[in-house]
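Colleague: give me the fold of what follows.
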Amino acid sequence: MTMPDMLVLEAMAQVAVILTFRTLDLSEAKGQLFFFAGIDKTRFFRRPRIGDRMVVEARVERLMKSRGIGKFLTCATIDDEMVSQATMMAAVKRGIAESE
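Modeller: Numbering: from 1, shown residues only. As a prediction, the model looks like this:
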């Protein structure tokens, strides 16, 4: 049984969003919404199987702090073999009202 490609992309998107939070140094995230904003140049090389340990990495390609948007190069590997790679965008929307 293999892991669907969409779940690999989901993991990569989550890492990009976390890197957005860390890179923009938003120590107080209360009232802010972090979200996946886009994907480009996606490639799949193989599918993870049950028992594989997939490592997901992201690095900043471009950061627009004033707009709260980051563009990241992401990849997923298993035993140093490429599973997938993509360029992802993640963003933060400031000033979201808190729900009661």
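Colleague: hang on, residue 51 in a helix?
Modeller: No: per DSSP: H, G, I helix; E, B strand; the rest coil, residue 51 lies outside any helix segment and is coil.
Colleague: just the strands in the protein please.
Modeller: With DSSP state E as the criterion, the chain has strands at 33-44, 54-64, 69-78, 81-93.
Colleague: in the longest one, what counts as buried?
Modeller: In terms of neighbour count (16 or more other Cβ atoms under 10 Å), strand 81-93 has its buried residues at 83-92. The way it works is simple: take the backbone N, C-alpha and C, and place the C-beta from them, glycine included.
Colleague: next one: residue 32 from residue 68, what distance?
Modeller: Distance of residue 32 to residue 68, given as Cβ to Cβ, to the nearest Å: 9 Å.
Colleague: ugh, wrong one, I meant residue 3
Modeller: Following Cβ to Cβ, the distance that separates residue 3 from residue 68 is 31 Å.
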